[in-house]
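Colleague: Structural data only, the sequence is not supplied:
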């Protein structure tokens, strides 16, 4: 299918899907019954980060692409993918003399509503970049780039990647980031200084299972209405923090495995979170070959499997850390993609599901946005 561009209206859902062979866009109206697909955009390139930003009157799509020829960069479109900035435009660069070069962009996050030109990107090797011109150019956050722990950070199975950015204040001066395998770091002063925040999170693969840093955090989420409460999916371990990450408590109560990658907040409920467990770090497929999304409605006290419409036999599926997302409609849409190229959608908070794509390339990320609702990341 050619990479034709969608033309969504206010209230429509824009679903961005990144794969190892390009990006795809799906659109549907608020009922979310019929979906239209465009793509692939960037055919043959891997896309691990996607975002949509409406602040400042823009309707800008951002994509972290990686080409065998051009390398990695962040590309921009203001017309839903009808045109993009070129792959040769290397807007994300490490400083000369740092000894570092960009491998891949893992995350793109919009900044405060009152500062529409500000965005952040998490990259590999682990670093945080900031843009102050809507994504046109990027510079590293020096306080993290020059952190004293950096020489001792070690890569996980996917590389030494800063894959999660969690704003914790309206002005984004307080922020938590997660690095595989360095763990969580928080800034309280806009990125000038950073402190490890991993108390209570295990690193089962290290001689000291409870170090200051070195944990393999897979995903962290919070809700803007209660930013100090964080939920964390670890490489073995499922946690909640009620004090901005200063301490963590295990909440793996009734799940078939506490190993997994993906995690997503409900857009309107600070107690509701979704995860997709994997069987183990050695067999990274759904437990018992059943495709189940687990939901807690009581902040991790209990979890329930959501299975209606999902395959419950011979479903050896894998869902990676950024392949689970939600839209902001009143009855939230929940979406996830699998490594086998399937995209599942729910328009009723996860109570029932249907496949909207079944044969895409291996899926790396899924991001949902409601057009006309400020474009904040899901």
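Modeller: Arrived safely. As the structure is a prediction and not an experimental result, all values here were calculated from the model.

Colleague: Find the nearest non-adjacent residue to residue 61, please.
Modeller: Excluding its sequence neighbours, the residue lying closest to residue 61 (Cβ to Cβ, 6 or more residues apart in numbering) is residue 77, at 4.6 Å. Every residue, glycine included, has its C-beta placed from N, CA and C.

Colleague: so who does that neighbour touch?
Modeller: 60, 61, 63, 83, 84, 85 (Cβ atoms under 8 Å, 6 or more residues apart in numbering).

Colleague: Which members of those residues occur in strands, if any?
Modeller: 60, 61, 63 (DSSP state E).

Colleague: Columns neighbour count on top of those, output as JSON lines?
Modeller: Shown next, in JSON lines, are the ones in strands among the contacts of residue 77 (neighbours: other Cβ atoms under 10 Å):
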{"residue": "60", "neighbour count": "21"}
{"residue": "61", "neighbour count": "27"}
{"residue": "63", "neighbour count": "27"}
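
Colleague: for those residues, which one is nearest residue 199?
Modeller: residue 63 (35.9 Å; Cβ to Cβ).

Colleague: how far away is the residue with the largest distance to the centre of the chain from residue 293?
Modeller: Most distant from the centre of the chain: residue 97, at 30.2 Å, with distances by Cα atoms, centre = their mean. Per Cβ to Cβ, to the nearest Å, residue 97 is found 46 Å from residue 293.

Colleague: who's in contact with residue 51?
Modeller: Residue 51 neighbours (Cβ under 8 Å, 6+ apart): 16, 61, 62, 108, 109, 110, 119, 367, 377.

Colleague: And for residue 118?
Modeller: 111, 112, 130, 131, 132, 172.

Colleague: Excluding covalently adjacent residues, which one is nearest to the residue nearest the centre of the chain?
Modeller: Centroid-nearest residue in the chain: residue 322, 3.6 Å away (criterion: Cα atoms, centre = their mean). Once flanking residues are discounted, residue 322 sits nearest to residue 365: 3.9 Å by Cβ to Cβ, 6+ apart.

Colleague: Now tabulate the contacts of residue 51 in TSV and tack on pLDDT, distance to residue 360 and secondary structure.
Modeller: Putting the contacts of residue 51 into TSV (pLDDT from 0 to 100; distance: Cβ to Cβ, whole Å; DSSP: H, G, I helix; E, B strand; the rest coil) gives the following:
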residue	pLDDT	distance to residue 360	secondary structure
16	98	12	strand
61	98	18	strand
62	98	20	strand
108	98	20	strand
109	98	24	strand
110	96	25	strand
119	98	26	strand
367	98	15	strand
377	45	22	coil
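
Colleague: low-confidence ranges in the stretch 201-350 of the chain?
Modeller: Under the criterion pLDDT under 70, no range of the stretch 201-350 of the chain is flagged.

Colleague: in it, which spans are strands?
Modeller: 217-223, 226-234, 238-241, 249-250, 259-265, 273-278, 293-296, 304-306, 324-326, 334-337, 343-346 (DSSP state E, counting those that start in this stretch).

Colleague: picking up where we left off before, surely the residue nearest to the centre of the chain is in contact with residue 366?
Modeller: Yes: here residue 322 reaches residue 366: they are 7.1 Å apart, a contact under Cβ atoms under 8 Å.

Colleague: Give me the common contacts of the two.
Modeller: In contact with both residue 322 and residue 366: residue 18, using Cβ under 8 Å, 6+ apart.

Colleague: follow-up on the earlier one: if we take the contacts of residue 77, which one ends up nearest to residue 335?
Modeller: Distance to residue 335 across those (Cβ to Cβ) is lowest for residue 61, with 16.8 Å.

Colleague: Could you report the distance from the closest one to residue 38?
Modeller: Separation of residue 61 from residue 38 (Cβ to Cβ) stands at 11 Å.

Colleague: Now for those two: what residues contact both?
Modeller: Taking Cβ under 8 Å, 6+ apart as the contact rule, the neighbours common to residue 61 and residue 38 are 80, 81.

Colleague: so where do the strands sit in the stretch 1-150 of the chain?
Modeller: Going by DSSP E, counting those that start in this stretch, the stretch 1-150 of the chain shows strands at 13-19, 22-28, 36-41, 46-53, 60-67, 71-77, 104-110, 119-124, 127-131, 139-140.

Colleague: In a markdown table: the ones in strands among the contacts of residue 77, plus distance to residue 206.
Modeller: Converted to a markdown table, these look like this (distance: Cβ to Cβ, whole Å):
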| residue | distance to residue 206 |
| --- | --- |
| 60 | 41 |
| 61 | 39 |
| 63 | 35 |
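
Colleague: and of the residues you listed, the nearest to residue 5?
Modeller: residue 61 (9.7 Å).

Colleague: so who does that closest one touch?
Modeller: Shown in contact with residue 61 (Cβ under 8 Å, 6+ apart): 16, 50, 51, 52, 53, 76, 77, 78, 80, 81.
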